[in-house]
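everything below, folded, please.
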Amino acid sequence: MNIALTTTLTDTDFDAAVQSTKAALSEQGFGVLTEIDMQATLKAKLGEDMEKYLILGACNPNLAHRAVGVMRQIGLLLPCNVVVRADTTTEGSVVVEAMNPAIMVEVTGEPGLSDVAAEATVKLQAAIDALGSAQA
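Next comes the predicted model:
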């Protein structure tokens, strides 16, 4: 199983890719609850350099409510992380990856999460696809 739903945006600015990603998530009912700037954090805490790398904590309240209703511990795997990172292999490209919600079912073994994970997958994949189609 792939751990991520992925697309690569070409000929784009990192900040524009972040804004496009947030907009695509919003269209699918996800809000961004958290933003972790890995580049800045690792530089500040460890003195280490890395490419631009932002982790967005995306949450669809309806799906989160349903998941927590099935299994209270599922909050340990929420929100859905979406990574926006500069592609280190291709100049001017940005990789956008969303956590594959099927991991929730795989890790927990809770079959009651299957429907929620399937719906989350459809919505996250639609957001990822919208980013890719905007490139065309």
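
alpha carbons only for contacts and neighbour counts from here, please
Fine.

quick one: the most centrally placed residue in the chain from residue 10, how far?
With distances taken as CA atoms, centre = their mean, residue 82 lies nearest the centre of the chain, 1.7 Å away. Distance, residue 82 to residue 10, by CA to CA, to the nearest Å: 18 Å.

cool, residue 57 as well?
Distance, residue 57 to residue 10, using CA to CA: 23 Å.

who has more neighbours out of these two?
A count of neighbours by other CA atoms under 10 Å puts residue 57 above the other of residue 57 and residue 10, at 19 against 16.

across the sheet, point out what pairs with that one.
residue 34, residue 81 (DSSP bridges).

can you pull the contacts of it?
Each residue near residue 57 by CA atoms under 8 Å, 6 or more residues apart in numbering is listed here: 32, 33, 34, 35, 78, 79, 80, 81, 82.

any idea which element residue 121 lies in?
Take DSSP states H and E as the rule and residue 121 turns out to sit in helix 114-135.

report the buried residues of that helix.
114, 116-117, 120-121, 123-128, 130-132 (16 or more other CA atoms under 10 Å).

need those residues in JSON lines (columns: pLDDT and distance to residue 93).
JSON lines is the format used below for the buried residues of helix 114-135 (pLDDT from 0 to 100; distance: CA to CA, whole Å):
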{"residue": "114", "pLDDT": "96", "distance to residue 93": "34"}
{"residue": "116", "pLDDT": "96", "distance to residue 93": "32"}
{"residue": "117", "pLDDT": "96", "distance to residue 93": "29"}
{"residue": "120", "pLDDT": "97", "distance to residue 93": "26"}
{"residue": "121", "pLDDT": "96", "distance to residue 93": "24"}
{"residue": "123", "pLDDT": "97", "distance to residue 93": "24"}
{"residue": "124", "pLDDT": "97", "distance to residue 93": "20"}
{"residue": "125", "pLDDT": "96", "distance to residue 93": "19"}
{"residue": "126", "pLDDT": "97", "distance to residue 93": "20"}
{"residue": "127", "pLDDT": "97", "distance to residue 93": "18"}
{"residue": "128", "pLDDT": "97", "distance to residue 93": "15"}
{"residue": "130", "pLDDT": "96", "distance to residue 93": "16"}
{"residue": "131", "pLDDT": "95", "distance to residue 93": "13"}
{"residue": "132", "pLDDT": "81", "distance to residue 93": "12"}
